[in-house]
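Mind folding the following:
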Amino acid sequence: MTHTRSIRLALLTATLTLTAACSTTAPPAIDETAEAAAIDQVRANFTAAMAAQDFAALGALSHPAFEQVMPGGPAHLEMFAAATDGPFPPGYSLDITPKELVIIDEDWAYEYGTTIASYLPEGADVRVEIPNTYLMILKKHEGAWKPYREVASSLAPPGGFPAAD
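This is a model prediction of the structure:
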């Protein structure tokens, strides 16, 4: 009887393994419009927090494992040197222009585009504008999109920076 029980157990195991291997479940449907709107809101909140130099808000908006590579061209180094109370000078603002947003799945997305960082140097009448190119990887954390990795460059993207309006 033990031999028969072993054969039955082996057949049951094989059947369960084949059933699991052959079953396919479709990935959950992604509402790309809703996800894109949520990412747009993260971008707007991020831009506002940067302008306010509200680093607590930036921390709350970012993934706990967020890492960033900032552009380091000569104009950026001048801007960082003009900062007195933080990494950015007074009056700093960031204008973000996404060129491409790809929602990979329910947890990962990336955005590619350009930015213009600007500030008013002390004693100047005209704002300094510094164009950048960026790639931002977003990852959901606790149900919300968060910047996870960012790489920015002072070099223009293929085709150049967008023309100013």
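
Which elements pack onto the biggest strand by length in the chain?
Ranked by residue count, the top strand of the chain under DSSP state E comes out as strand 128-141. Under the contact criterion of 3 or more C-beta pairs under 8 Å, 6 or more residues apart in numbering; DSSP states H and E, strand 128-141 touches helix 74-81, strand 108-119, strand 144-153. All C-beta atoms are positioned from the backbone trio N, CA, C, and that covers glycine.

could the ones you listed be laid out in TSV, adding mean pLDDT, mean neighbour count and distance to Phe88?
Output for those, formatted as TSV (pLDDT from 0 to 100; neighbours: other C-beta atoms under 10 Å; distance: least, C-beta to C-beta, whole Å):
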stretch	mean pLDDT	mean neighbour count	distance to Phe88
helix 74-81	92	14	7
strand 108-119	95	19	7
strand 144-153	96	18	14
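
Looking at those, which is nearest to Phe66?
Nearest of the helices and strands packed on strand 128-141 to Phe66, taken as C-beta to C-beta: strand 144-153 at 5.6 Å.

bridging residues for the closest residue to Glu35 other than its chain neighbours?
Once flanking residues are discounted, Glu35 sits nearest to Ile103: 5.0 Å by C-beta to C-beta, 6 or more residues apart in numbering. Beta bridges link Ile103 to Ala109, judged by DSSP bridges.

Might one say that Ile103 is in contact with Ala34?
No: between Ile103 and Ala34 there is no contact under C-beta atoms under 8 Å: 9.9 Å.

Tell me which of those two has more neighbours.
Ile103 (21 against 10; other C-beta atoms under 10 Å).

In contact with the more buried one: list those residues for me.
30, 32, 35-36, 39, 109 (C-beta atoms under 8 Å, 6 or more residues apart in numbering).
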